[in-house]
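S.K.: can't give you the sequence, but here's the structure:
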């Protein structure tokens, strides 16, 4: 299995991010024959899996409705990832964040 | 069928050139040692017998030790015969590797499915059960229903699908696409799933 992981190792250079960080995913979308890039900005809720099958979940508020999107890290459709904010959270998976609304749905920024 | 003995390593997924995420099974295929060549004169049929996966000599019977010694190899856990090789193409002690599949795009994989124990008719044969939990259904939610008519034929037809042991059968996955070969590690990656648990033995044929 390790051999296979190495064989398919992901060599895209995305900046490191963790749960709680706010990131923007630049995602390629194919419409007919045209390709365009869509930006999806939100908070990372969890990072799951290992090696090339790793995925991460990004949650954003679209109007009043929470939207969560799961991206495979090895997906060829991801153009780039920008890290906008480093959040200060204590957990690796911030599911509690889903039930927070308004002022409570804020994550403190990490200061270095 | 020409082929090799292998072992299921596990499953993973890989993006193809169209950007589709393809489920794959990783198989450790070979190296297999030819332990005996069956000939028409001596055995009445032609086949190549090969062994795969080492085992300890203390877990091997004397007869088996002798058999493997004749092929100049260590005792093997799994032995199988393949009949598709041309006559005289291999002799005892030859080693076959995953390179055998170098030119193939499709392979068949045979193995023993995971045992499920005694299972009801819903899981075993895909019966729908009773749709309702109410309307007089007390304990018949997953029952098979009627087994047939009454006075004629007055018996239950042979082969009527009922509850029973499920799994632990020989199952063949046909025409699996070869995704990748990694000869240095004897790894074969095919698209889709393959019968049996991780570590289960598989017969891979062209």
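M.R.: All right, it came through fine. From a predicted model like this one, the values you see are computed outputs, not experimental measurements.
S.K.: going forward, measure contacts and count neighbours with C-alpha atoms only.
M.R.: Will do.
S.K.: give me the element residue B:27 is part of.
M.R.: With secondary structure defined by DSSP states H and E, residue B:27 is part of strand B:21-29.
S.K.: quickly run through the sheet partners of that strand, with directions.
M.R.: Looking at strand B:21-29 with DSSP bridges, its paired strands and their directions are strand B:3-15 (antiparallel), strand B:187-191 (antiparallel).
S.K.: and those strands as CSV, adding mean pLDDT?
M.R.: Formatted as CSV, the entries for those read as follows, by pLDDT from 0 to 100:
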stretch, mean pLDDT
strand B:3-15, 89
strand B:187-191, 90
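S.K.: what's the most buried one of those?
M.R.: strand B:187-191 (a mean of 24; mean count of other CA atoms under 10 Å in any protein chain shown).
S.K.: tell me how far that one lies from the chain's centre.
M.R.: Strand B:187-191 sits 14 Å away from the centroid of its parent chain (CA atoms, centre = their mean, to the nearest Å).
S.K.: quick check: angle from the helix or strand that comes right after it to strand B:3-15?
M.R.: Per DSSP H and E, the first helix or strand lying C-terminal to strand B:187-191 is strand B:201-205. Using axes from the mean of the first three to the mean of the last three CA atoms, to 10 degrees, the inter-axis angle of strand B:201-205 relative to strand B:3-15 is 90 degrees.
S.K.: give me the sheet partners of strand B:201-205 and which way each runs.
M.R.: The sheet places strand B:201-205 alongside strand B:3-15 (antiparallel), strand B:106-112 (antiparallel), with pairing taken from DSSP bridges.
S.K.: list the contacts of it.
M.R.: Defining contact as CA atoms under 8 Å, 6 or more residues apart in numbering or on different chains, one finds that strand B:201-205 is touched by B:1-8, B:29, B:78, B:107-112.
S.K.: which of the residues you listed sits closest to chain A?
M.R.: Checking the contacts of strand B:201-205 against chain A with CA to the nearest CA, the nearest one is residue B:8 at 10.4 Å.
S.K.: is it true that that closest one touches residue B:193?
M.R.: No: using CA atoms under 8 Å, residue B:8 is not in contact with residue B:193; the gap is 10.1 Å.
S.K.: so what sits against both of those two?
M.R.: Between them, residue B:8 and residue B:193 share the neighbouring residues residue B:25, with contact defined by CA under 8 Å, 6+ apart.
S.K.: in stretch A:101-112, what's buried?
M.R.: Within stretch A:101-112, the residues scored as buried using 16 or more other CA atoms under 10 Å in any protein chain shown are residue A:107.
S.K.: need the residues of chain A near chain B, please.
M.R.: Taking CA under 8 Å from any CA of the partner chain as the contact definition, chain A meets chain B at A:1, A:3, A:4, A:8, A:52, A:53, A:74, A:75, A:76, A:77.
S.K.: for those, which one is nearest residue A:86?
M.R.: Within the set of the residues of chain A next to chain B, residue A:74 lies nearest residue A:86; the separation is 22.4 Å, counting by CA to CA.
S.K.: which stretches of chain A form helices?
M.R.: Under the criterion DSSP state H, chain A carries helices at the ranges A:2-7.
S.K.: do chain B as well
M.R.: Using DSSP H, helices in chain B cover B:40-43, B:62-70, B:121-125.
S.K.: ranking the ones you listed by burial, who's on top?
M.R.: Sort those by mean neighbour count, taking mean count of other CA under 10 Å, and helix B:121-125 sits at the top with a mean of 16.
S.K.: hang on, the earlier thing: okay, the strands paired with strand B:21-29 in TSV with distance to residue B:46 next?
M.R.: Shown next, in TSV, are the strands paired with strand B:21-29 (distance: least, CA to CA, whole Å):
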stretch	distance to residue B:46
strand B:3-15	15
strand B:187-191	27
